[in-house]
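> Please find the sequence and the predicted model below.
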Amino acid sequence: MYLDDIKKSIPEKLYSVLKNEGIKELRSSQEKAIHAGLFEKKNLLISTPTASGKTLIAEMAAVSVILNGEGKAIYIVPLKALATEKFKDFKRKYGNLMKIAISIGDFDSDDYKLHSFDFILTTSEKFDSLIRHKIPWINLVKVVVVDEIHLLNDADRGPTLEILLTLLKKQIPTAQIIALSATIGNPKDLAHWLDAKLVEDKWRPIELHKGIYFDRRIEFY
């Protein structure tokens, strides 16, 4: 599938940004996500290898909703450093098209200024805090991206993320959830819990080889 094939499915300004980024052909996981309902507001669980194009899948859905004037998008990551990295990248690409914010600070703050932003990057702990502060704009959220969702099994971050997703499904049931991970042990069970379609793909940009290193030699198998 080529970028031109979805030109009519995405906002013109998003198409222009992607074209300027040098994207001409979509990867197989991205094509599968589109066929699974990415632009029809379907919940999706994307289980594909590292660097296979998961971020762009979520990006297309989130940016489309914002540019179409439908509402806000939240991008949840596990680490502050990752939130900062994503913020800089999205700001570079879309900063002139929408208001982008990062919220990773004081958990006792409701960050009241966020109501005026379109695309908000945050951590699961911070967004959990925002919801508990009863942020008035929660119903404006139309897309929720959850990066590294396999951390549901993490002893430290897992419980917070699970409670957060449970609250989101209850408070904004019509919001599209796009969950991303390269390492999910039980993808079908997780997709069922999220009420999401499972998108799986094995393609990776660099072939993965396994081997054993011993005595300064690697024996691949």
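Perfect, I can see it now. Residues are numbered from 1 along each chain as shown.

> Please tell me how far the residue nearest the centre of the chain sits from residue 221.
Central residue of the chain (C-alpha atoms, centre = their mean): residue 145, 3.4 Å from the mean position. To residue 221, residue 145 is 37 Å away according to C-beta to C-beta, to the nearest Å. C-beta: built from backbone N, CA, C; applies to glycine.

> Ok, residue 157 next?
From residue 157 over to residue 221 the distance is 34 Å, taken as C-beta to C-beta.

> Is it correct that the residue nearest to the centre of the chain falls within a strand?
Yes - the assignment for residue 145 by DSSP: H, G, I helix; E, B strand; the rest coil puts it in a strand.

> and it, bridged to which residues?
Beta bridges link residue 145 to residue 75, residue 178, judged by DSSP bridges.

> Show me where the chain has its helices.
With DSSP state H, the ranges of helices along the chain come out as 12-20, 28-35, 54-67, 80-94, 124-132, 158-171, 187-194.

> Just name the most buried of those helices.
Highest mean neighbour count of the helices of the chain: helix 54-67, a mean of 23 (counted as mean count of other C-beta atoms under 10 Å).

> Just name whatever secondary elements that one is in contact with.
Helix 54-67 sits against helix 12-20, helix 28-35, strand 44-47, strand 72-77, helix 80-94, strand 119-123, strand 141-146, strand 176-181, with contacts defined as 3 or more C-beta pairs under 8 Å, 6 or more residues apart in numbering; DSSP states H and E.

> could these be laid out in JSON lines, adding distance to residue 209 and mean pLDDT?
Below are the helices and strands packed on helix 54-67 laid out as JSON lines (distance: least, C-beta to C-beta, whole Å; pLDDT from 0 to 100):
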{"stretch": "helix 12-20", "distance to residue 209": "32", "mean pLDDT": "95"}
{"stretch": "helix 28-35", "distance to residue 209": "21", "mean pLDDT": "95"}
{"stretch": "strand 44-47", "distance to residue 209": "21", "mean pLDDT": "95"}
{"stretch": "strand 72-77", "distance to residue 209": "29", "mean pLDDT": "95"}
{"stretch": "helix 80-94", "distance to residue 209": "27", "mean pLDDT": "93"}
{"stretch": "strand 119-123", "distance to residue 209": "34", "mean pLDDT": "94"}
{"stretch": "strand 141-146", "distance to residue 209": "30", "mean pLDDT": "96"}
{"stretch": "strand 176-181", "distance to residue 209": "22", "mean pLDDT": "95"}
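
> Tabulate those (a markdown table), appending distance to residue 4.
Below are the helices and strands packed on helix 54-67 laid out as a markdown table (distance: least, C-beta to C-beta, whole Å):
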| stretch | distance to residue 4 |
| --- | --- |
| helix 12-20 | 9 |
| helix 28-35 | 13 |
| strand 44-47 | 23 |
| strand 72-77 | 24 |
| helix 80-94 | 19 |
| strand 119-123 | 25 |
| strand 141-146 | 24 |
| strand 176-181 | 23 |
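
> Residue ranges in the chain under the pLDDT threshold?
Within the chain, the ranges that satisfy pLDDT under 70 run 106-112, 203-206.

> Let's have the helices of the chain in JSON lines, adding distance to residue 105.
Shown next, in JSON lines, are the helices of the chain (distance: least, C-beta to C-beta, whole Å):
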{"stretch": "helix 12-20", "distance to residue 105": "28"}
{"stretch": "helix 28-35", "distance to residue 105": "32"}
{"stretch": "helix 54-67", "distance to residue 105": "22"}
{"stretch": "helix 80-94", "distance to residue 105": "9"}
{"stretch": "helix 124-132", "distance to residue 105": "7"}
{"stretch": "helix 158-171", "distance to residue 105": "17"}
{"stretch": "helix 187-194", "distance to residue 105": "28"}
